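# Turn this into a structure:
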Amino acid sequence: MDVRFQPSSEAAIPNATYYAYRHAHATATQASHVRLISKDFPWTIEIKTTGHPVTCDDVWNALHAALQHPLADSEWGVLSHDPSKAKKVQKAAKQRQSEVDKDKDLKRVDWIAENFIFRGLEKDDDFAKRRLFYLDNECEETWVVKMVTS
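Numbers count the residues shown, from 1 in each chain. Alright, predicted model coming up:
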């Protein structure tokens with residue numbers, strides 16, 4: 001899935017795949033609360049449903065929506081300490097603005113630069129423990145988002 005586009009768009013996920021799997025449960029445990037983290041971006045994405053387990057469509061939409069937020073000043077501040085990463089973000093923003101949308105703001109999706117293809121979820125309990133050491137609240141399932149280059 002190309003996270004720069006709406007999941008229901010053919011540009012993000014081929015229609016045959018989207019319609020075949022959108023209602024599939026995202027986890028084997030049929031969790032109604034799933035936390036997504038990634039090695040490619042610093043945000044935590046919480047997905048909570050009522051009355052049904054989290055589906056693939058819930059994951060796809062939550063991931064897309066989370067990455068459409070504008071970069072905060074503090075996030076750009078972090079990037080400003082790494083000039084090569086800042087240049088990658090700026091390059092990704094220009095590419096997105098010419099291919100996807102005309103929004104001139106830097107977005108979180110630009111942070112992941114060329115790794116804008118969602119390839120699935122994987123378990124990494126050690127990474128999750130390090131990444132979420134500050135959180136006290138429980139979550140049924142925590143998964144690591146795997147992003148790759150197109």
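
# Could you point out the helix or strand that follows the helix or strand that contains residue 94?
Using DSSP states H and E, residue 94 maps to helix 83-99. Counting by DSSP H and E, the element after helix 83-99 in chain order, helix or strand, is helix 108-111.

# Check the offset of the longest strand seen in the chain from the chain's centre.
Longest strand in the chain by number of residues (criterion: DSSP state E): strand 141-148. Offset of strand 141-148 from its chain centre (Cα atoms, centre = their mean, to the nearest Å): 8 Å.

# Which neighbours in the sheet does that strand have, and how are they oriented?
strand 33-38 (parallel), strand 117-122 (antiparallel) (DSSP bridges).

# what comes up buried for it?
141-147 (16 or more other Cβ atoms under 10 Å). For the C-beta atoms, the positions are set from N, CA and C on the backbone; glycine is no exception.

# cool, stretch 95-110 as well?
96, 106-110.

# List of residues touching that stretch?
Identification of contacts with stretch 95-110 by Cβ atoms under 8 Å, 6 or more residues apart in numbering yields 3-5, 41, 43, 66-71, 75-76, 89-90, 92-93, 116.

# Can you give me the distance of residue 141 to residue 25?
Distance of residue 141 to residue 25, given as Cβ to Cβ, to the nearest Å: 11 Å.
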